[in-house]
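Participant: My questions concern the predicted model and sequence given below.
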Amino acid sequence: MIKKNRKADGGTAKMSSKRLKEVEELVLPASKLKFCSEQLQNLNFIFTKKLDEEYDPEYSKAVSLAKSITERLIQRLLCGVGMMEPRFASKFLVTLHDDSVFNEELDYLVRLDSLSTPKLHPTEYSPKYTIVEGNSGNRLAGYAQVRLHQPYCVDWQEFVNPKGYLRRDKVQAKLVELLSVAASTDVPDSPLTVDESLVCGSPGKIMDALTLHQVLHIPSEKHVFYGPSGKTPRFPNPRDFKLAIVDDPSGIRIRVGFHSPALSSICIDVRLLVAIGFDAWPSSSNFPVRVPLGHSDCVLYYKAAQTGLYLVGYGVQSIGWQIRLPAAECTLESNYSPNSTVRRIFLILSSVLREINEDHRRYQNSQHLLTPIGALLAPRRRPINPHEGHPELVTEISLHARSDRFGPPSDDFAQTKTAELLFPRRQHSRKSRPLVRGRLRDRIKPS
């Protein structure tokens, strides 16, 4: 059996109180949050521990192989979905995870091409709808609603409410149903039998959001992608895996286990987010308007604001779609070298933030923000009291985060994220702990 091998924490021992006193307390100018030296030292400990983590090469190789096989399996399932229901077809698969981060998780964005813009082919019919933003009424900041127009509303009538708004929960539930059916059928068994103009069968059609933004502005007849290797390429057979598909407010969760003895100790957690792409920028965002023209990265920020948005099925509201800007995030991330200090800090904070969100997901179904850069682009929410110990404290503070890299008002990026890591959270007693659904990883366990 393959096991993880982590480097000993010899250099990360707790320092003396004398050393802690040498770390000055910190006050964030914008939010007026104050952190003592012990809290800052705890943040240093987290960073040092993350940097010193090291995995056994054999285990790393096995996980990489498992993730590669899982990715092809997901492509096979989505191809089956597109063949059964063209409205849910997706020609591309957008990656949201960072390949440089070693874990057993995969995140993808499933773009509904029939509702998204720009269209894949110029001859296709463009859908007619209205995007409603804002936080008035029962609408949350950072979320939007999609109101379909007649007669296009008839094509999606089973997914709209009486007022014509597209229901996220019904769309996601239908995709879960289609995925379950696709996992129990033998079609398609090979990428050679699928229509690549409509579905994602080629490995080269898995890309990040920024690359997809550039591809969509190229005529479809000029698209060229890497194909599968081998004389008779085949998709992985779903019967060779242990699958658990769960409809969750945080997306469609798929737990993939392996019957193969070589990979039996590994389980890959996959999250699919159903999304609608738009070649536009949210009017509720103050980015990049708040960036002065004299800022050193002004051109970079305005370039990022030209990459469009996605309305993602995420959260608990039935007609609320979360606004995300993955292509803009990729634009800002790619401005820094992978080995730069800024990029390393971002990767560590992303890892810690995932752990925090996963911990909070066990206690409530709330709207979490998943990426630090996404926090910098998101609309502001209501002000909070940092001393209340509110269970949504992590999300609220991250939504107020601003950094010098993304224009004023600014706080140091790492200092701002300290609030997410170090503020006390309300502890639930056994009697008062809320009832929640079982965690996904408990639904299926490796044999």
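Facilitator: Everything's here; your move.

Participant: if I look at Glu221, how far off is Ser197?
Facilitator: Distance of Glu221 to Ser197, given as CB to CB, to the nearest Å: 10 Å. Quick note: C-beta positions are derived from backbone N, CA and C, even for glycine.

Participant: The two: which is more packed in?
Facilitator: Ser197 (12 against 7; other CB atoms under 10 Å).

Participant: what residues are up against the more buried one?
Facilitator: Lys91, Leu120, His121, Ser220 (CB atoms under 8 Å, 6 or more residues apart in numbering).

Participant: and stretch 328-338, how far apart are its ends?
Facilitator: End-to-end distance of stretch 328-338 (CA to CA, to the nearest Å): 17 Å.

Participant: Please pull out the lowest mean pLDDT helix or strand from the chain.
Facilitator: Within the chain, no helix or strand scores below helix 393-399, which has a mean of 27 by mean pLDDT, DSSP states H and E.

Participant: what's the spacing between the longest helix anywhere in the chain and its chain's center?
Facilitator: Ranked by number of residues, the top helix in the chain under DSSP state H is helix 57-84. Centroid separation for helix 57-84 versus its chain: 17 Å, with CA atoms, centre = their mean, to the nearest Å.

Participant: Retrieve the pLDDT associated with the residue most central in space within the chain.
Facilitator: Computing the C-alpha centroid of the chain and ranking residues by CA atoms, centre = their mean puts Leu96 first, at 5.1 Å. Here, the pLDDT recorded for Leu96 equals 94.

Participant: Disregarding flanking residues, what is the spatial nearest neighbour of it?
Facilitator: Once flanking residues are discounted, Leu96 sits nearest to Asp107: 3.9 Å by CB to CB, 6 or more residues apart in numbering.

Participant: beta partners of the one you found?
Facilitator: On the basis of DSSP bridges, Asp107 is bridged to Arg271.

Participant: right, and it touches Ala275 too?
Facilitator: No. Applying CB atoms under 8 Å as the test, Asp107 and Ala275 come out as separate, 11.7 Å apart.

Participant: More neighbours: which of these two?
Facilitator: Legend: neighbour count by other CB under 10 Å for Asp107 and Ala275, higher for Ala275 (28 against 17).

Participant: how far away is Ser229 from Val289?
Facilitator: 47 Å.

Participant: So between these two, which is more surrounded?
Facilitator: Ranked by neighbour count (other CB under 10 Å), Ser229 and Val289 place Val289 first, with 10 against 7.

Participant: Val181 versus the more buried one, what's the distance?
Facilitator: Distance, Val289 to Val181, by CB to CB: 46 Å.

Participant: now do Ser264
Facilitator: Taking CB to CB, one finds Ser264 at 27 Å from Val181.

Participant: just Val312 next, same as before
Facilitator: From Val312 across to Val181, the span is 23 Å (CB to CB).

Participant: repeat for Ala244
Facilitator: In terms of CB to CB, Ala244 sits 15 Å off from Val181.

Participant: quick one, which of these two is more surrounded?
Facilitator: The residue with more neighbours, out of Ala244 and Val181, is Ala244; 17 against 14, by other CB under 10 Å.

Participant: and the more buried one, which of the three is it?
Facilitator: Per DSSP: H, G, I helix; E, B strand; the rest coil, the secondary structure class of Ala244 is strand.

Participant: my guess is it meets Arg255, correct?
Facilitator: Yes. With contact defined as CB under 8 Å, Ala244 reaches Arg255; the gap is 4.1 Å.

Participant: wait, doesn't Lys167 sit right on Gln317?
Facilitator: Not Lys; residue 167 is Arg. No. With contact defined as CB under 8 Å, Arg167 does not reach Gln317; the gap is 9.6 Å.

Participant: Compare those two (neighbour count), which wins?
Facilitator: Between Arg167 and Gln317, counted using other CB under 10 Å, the more crowded position is Arg167 (21 against 18).

Participant: pLDDT at the more buried one, what is it?
Facilitator: 96.

Participant: Repeat that for Val154.
Facilitator: The model reports Val154 with a pLDDT of 87.

Participant: Around it, how many other residues sit close by?
Facilitator: 9.

Participant: Surely it is in a helix?
Facilitator: Yes. Under three-state DSSP, Val154 falls within a helix.

Participant: which residues touch it?
Facilitator: Val154 neighbours (CB under 8 Å, 6+ apart): none.

Participant: any idea how far the closest residue to Ser126 other than its chain neighbours is from Ser197?
Facilitator: The spatial neighbour of Ser126 that comes closest, neighbours along the chain excluded (CB to CB, 6+ apart), is Lys119 at 6.1 Å. As for Lys119, its distance to Ser197 is 12 Å (criterion: CB to CB).

Participant: Please apply the same query to Pro188.
Facilitator: 15 Å.
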